[in-house]
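J.: need the 3D shape of this:
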Amino acid sequence: MAGDDAPRHCDVIVIGAGFGGLGMGIRLRQADRTDFVILEQAAGVGGTWHANRYPGAACDIPSLLYSFSFAPNPDWSGNYPGQQEIETYLNRCVERFGLAPHLRLRTRVASLAWNDTTQRWTVHTEERGGATRQWTARVIVNATGGLSRPQLPELPGLGDFAGTVMHTARWKGEVTLAGRRIGVVGTGASAIQLVPQLAGRAAHLALFQRTPAWVLPKRERRFSAAERWVYTNVPGVRRLVRALVYARHEMLAPGFIWRPQILQSLEPLLLARLRRKVPDPALREALTPRYRLGCKRILIANDFYPALQRRNVRLVTSAIERVLPDGIVTADGEHHVLDVLVLATGFQAAEAMAPFPVHGRRGVELDQAWRDGAKAYLGTTVPGFPNFFMVVGPNTALGHNSMVFMIESQLRYILDALARMDRARLAAVDTRPEVADAFDSELQRRMRRTVWSTGGCASWYQTRDGKITTLWPGTTLEFRLRTRRFRLAEHDGLHV
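T.: Down below sits the predicted model:
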């Protein structure tokens, strides 16, 4: 069914209603820029915290730090928030800042194209039910993030499985799990939360592991009524505690980006903990990482090791050879009979691929511009794509602190860009290629010193050829300082 043929115009179109998109909407309203719309393909807001509804889904960054500085939440139940609590917080932000009139849910962006003549973006969308619509905008803010496209493993015969297959980011809550034979593929951040939850329900649980992870203890606790009262009524205390939590996490940065030996010094402590928690030598050996701490994402959990020692749980380290209609055959020839197969295999975060076709100046497609790996100046702008800003773009992810801090830095940068464009009476700005190339060369040079490059692992941080396109090789404070001001001299100004 076709939509309204007449294009709808907005000054700013924001794509995605997670932390980045909602934060952009809040900041636009606070700057009295009300001519904007937020397009979201899901039925609700929250981004990854709306999509990831698997049992046990939670954040591994403390709650006081995992919220907007301009929209504090004094009502967190504890120091590590769960999925539902974070989603509720973001819905409250929508209500508090009046974003509902700007939201278009169940609206998937099909393509973006820059018009060199009108110097506007044309946006084609598809709504649930098949209706299509065309929009135009002066500015695009793409806030789809790096954790929006599930990574499906290339397992021979996966399509032949007769039972239920689901990715953790596409959880099918209606599926009965009690008493079932469940297989989980992957041992990353999702699996380590999910497996303990499934272990208590399943008749049998097989966890298929390719690489063991470093696991830190999770110092989880509930906030008392007195603490919540203080955080609500004494904002200065909340801000102080938030600053202390931020500083504690930021102190880890040197171990990731300059001196991996700092993190390496912690490995004996974690191996000693593994010995205490896993008495069985064979299981302990299978769970022992063979790479430097921090090279892959560090996981935190208290219940993962105990779950693997339950009588109905088995850790499988032999490679998956093929999926059959009734289960999985591994390289050692064993047939694992399964009713449900869960793919805890993460997201397509590193590979150069836009979430939808994006055509910039002279029709160049973003995927073509990124053929050697995704890159963006300050993780935000790409030469040849005027007025196209990204939130959580390439090389903005962290291994040690809250992504909300990075998001807020980018939001300030984009708002400053809009203000400076207005003052200079520019219709558009386009990052100069030499500026972006110099920045990317600097990042890749600095990346060679990091634990992600020297730690002896392959991770989702990297593309297939080993280039790290996801992580920021510096402190969050450095990123905040570098994005504090939008410099027009680094961009070509386009007049009407």
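J.: drop to CA atoms for contacts and neighbour counts, all remaining ones
T.: Noted.
J.: contacts for the longest helix along the chain, please.
T.: Longest helix of the chain, by residue count under DSSP state H: helix 403-424. Identification of contacts with helix 403-424 by Cα atoms under 8 Å, 6 or more residues apart in numbering yields 19-20, 23-24, 27-28, 65-68, 380, 389, 391-392, 396-397, 427-429, 476, 479-480, 483-488.
J.: now the element after that helix, going C-ward?
T.: strand 428-431 (DSSP states H and E).
J.: now for that following strand, which elements pack on it?
T.: Contact here means 3 or more Cα pairs under 8 Å, 6 or more residues apart in numbering; DSSP states H and E; on that basis strand 428-431 packs against strand 491-494.
J.: output the strand it packs on in CSV with nothing but the alpha carbons.
T.: Provided in CSV are the C-alpha atoms of strand 491-494 (Å, rounded to 0.1, in the frame of the first residue of the first chain):
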residue,chain,number,x,y,z
HIS,A,491,34.6,21.4,6.8
ASP,A,492,33.5,22.9,3.5
GLY,A,493,30.5,25.2,3.8
LEU,A,494,27.8,24.8,1.2
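J.: that strand - what's its average pLDDT?
T.: With pLDDT averaged residue by residue, strand 491-494 scores 88.
J.: neighbouring strands - and their directions - for that strand?
T.: strand 428-431 (antiparallel) (DSSP bridges).
J.: hmm, who's touching the partner strand?
T.: 119, 138, 377, 381-387, 421, 488, 490-495.
J.: would you list the buried entries among those residues?
T.: Listed as buried from the contacts of strand 428-431 are 119, 138, 377, 381-387, 421, 490-494; burial here means 16 or more other Cα atoms under 10 Å.
J.: for those, which two are the farthest from each other?
T.: Gln119 and Tyr377 (21.0 Å; Cα to Cα).
J.: bridging residues for Asn115?
T.: Asn115 has these beta-bridge partners by DSSP bridges: Arg120.
J.: what confidence value was assigned to it?
T.: At Asn115, the pLDDT recorded in the model is 95.
J.: and it, how many neighbours does it have?
T.: By the criterion of other Cα atoms under 10 Å, Asn115 has 16 neighbours.
J.: ok, now how distant is it from Thr136?
T.: In this view, Asn115 and Thr136 are 10 Å apart by Cα to Cα, to the nearest Å.
J.: overlap in contacts of the two?
T.: Trp121, Thr122.
J.: any idea what sits nearest Leu283, other than its immediate chain neighbours?
T.: Leu315 (7.8 Å; Cα to Cα, 6 or more residues apart in numbering).
J.: look up phi and psi at the one you found.
T.: The main-chain torsion angles of Leu315 are listed as degrees, to the nearest 10 and equal phi -90, psi 120.
J.: how close does it get to Arg284?
T.: 11 Å.
J.: what's the answer for Tyr246, then?
T.: From Tyr246 to Arg284 the distance is 33 Å (Cα to Cα).
J.: what does Thr187 give?
T.: 15 Å.
J.: pLDDT below threshold where in the stretch 1-150 of the chain?
T.: 1-7, 146-148 (pLDDT under 70).
J.: which stretches of the stretch 151-300 of the chain have low pLDDT?
T.: In the stretch 151-300 of the chain, no residues with pLDDT under 70.
J.: ranges for the strands of it?
T.: 164-167, 181-185, 204-208, 215-216, 299-300 (DSSP state E, counting those that start in this stretch).
J.: neighbouring strands for the third one, and are they parallel or not?
T.: So that's strand 204-208. Strand 204-208 is paired, per DSSP bridges, with strand 181-185 (parallel), strand 313-316 (parallel).
J.: what does the first one give?
T.: Taking DSSP bridges as the criterion, strand 164-167 pairs within the sheet with strand 340-343 (parallel).
J.: for the partner strand, what does the pLDDT average out to?
T.: Strand 340-343 comes out at a mean pLDDT of 96.
J.: CA atoms only: put it into CSV for me.
T.: What follows is strand 340-343, C-alpha atoms only, in CSV (Å, rounded to 0.1, in the frame of the first residue of the first chain):
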residue,chain,number,x,y,z
VAL,A,340,15.7,-24.8,21.2
LEU,A,341,18.8,-23.1,19.7
VAL,A,342,19.7,-19.7,21.0
LEU,A,343,22.3,-17.6,19.1
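J.: name the next helix or strand following it along the chain.
T.: From strand 340-343, the next helix or strand downstream (DSSP H and E) is strand 358-359.
J.: just to be sure, Val109 is in a strand?
T.: Yes - read with DSSP: H, G, I helix; E, B strand; the rest coil, Val109 is one of the residues of a strand.
J.: that one and Gly21, how far apart?
T.: 14 Å.
J.: so these two - more neighbours on which side?
T.: Gly21 (30 against 22).
J.: report how many residues lie close to Gln41.
T.: 20.
J.: revised request: answer the last question for Arg362.
T.: By other Cα under 10 Å, 12 other residues sit near Arg362.
J.: try Asp303
T.: Residues near Asp303, counting by other Cα under 10 Å: 15.
J.: same question for Asn91.
T.: Using other Cα under 10 Å, Asn91 has 17 other residues around it.
J.: tell me the SS of it?
T.: Asn91 is classified as helix under three-state DSSP.
J.: ok, and the closest non-adjacent residue to it?
T.: Nearest non-adjacent residue to Asn91, counting by Cα to Cα, 6+ apart: Val45, 6.7 Å away.
J.: what's the neighbour count on that neighbour?
T.: So Val45, with other Cα under 10 Å, has 24 neighbours.
J.: ok, Pro101 next?
T.: For Pro101, using other Cα under 10 Å, the count is 10.
J.: now the one 4 residues further on
T.: With neighbours defined by other Cα under 10 Å, the count for Leu105 comes to 19.
J.: you'd agree it is up against Glu40?
T.: Yes - Leu105 lies in contact with Glu40 (Cα atoms under 8 Å); the separation is 4.8 Å.
J.: show me how the chain divides into domains.
T.: With domains defined by automatic domain parsing, the chain comprises 8-149+348-494, 158-219+253-343.
J.: could you tell me the end-to-end distance of the last one?
T.: Separation of the first and last residues of domain 158-219+253-343 by Cα to Cα is 11 Å.
J.: can you check the longest one too?
T.: Across its full length, domain 8-149+348-494 reaches 23 Å between end residues, using Cα to Cα.
J.: centre of the chain to it, how far?
T.: Remark: domain 8-149+348-494 is offset 10 Å from the chain centroid, using Cα atoms, centre = their mean, to the nearest Å.
J.: distance of the closest residue to Ala213 other than its chain neighbours from Arg297?
T.: Once flanking residues are discounted, Ala213 sits nearest to Pro289: 5.8 Å by Cα to Cα, 6+ apart. As defined by Cα to Cα, Pro289 lies at a distance of 12 Å from Arg297.
J.: neighbour count winner among these two?
T.: Arg297 (19 against 16).
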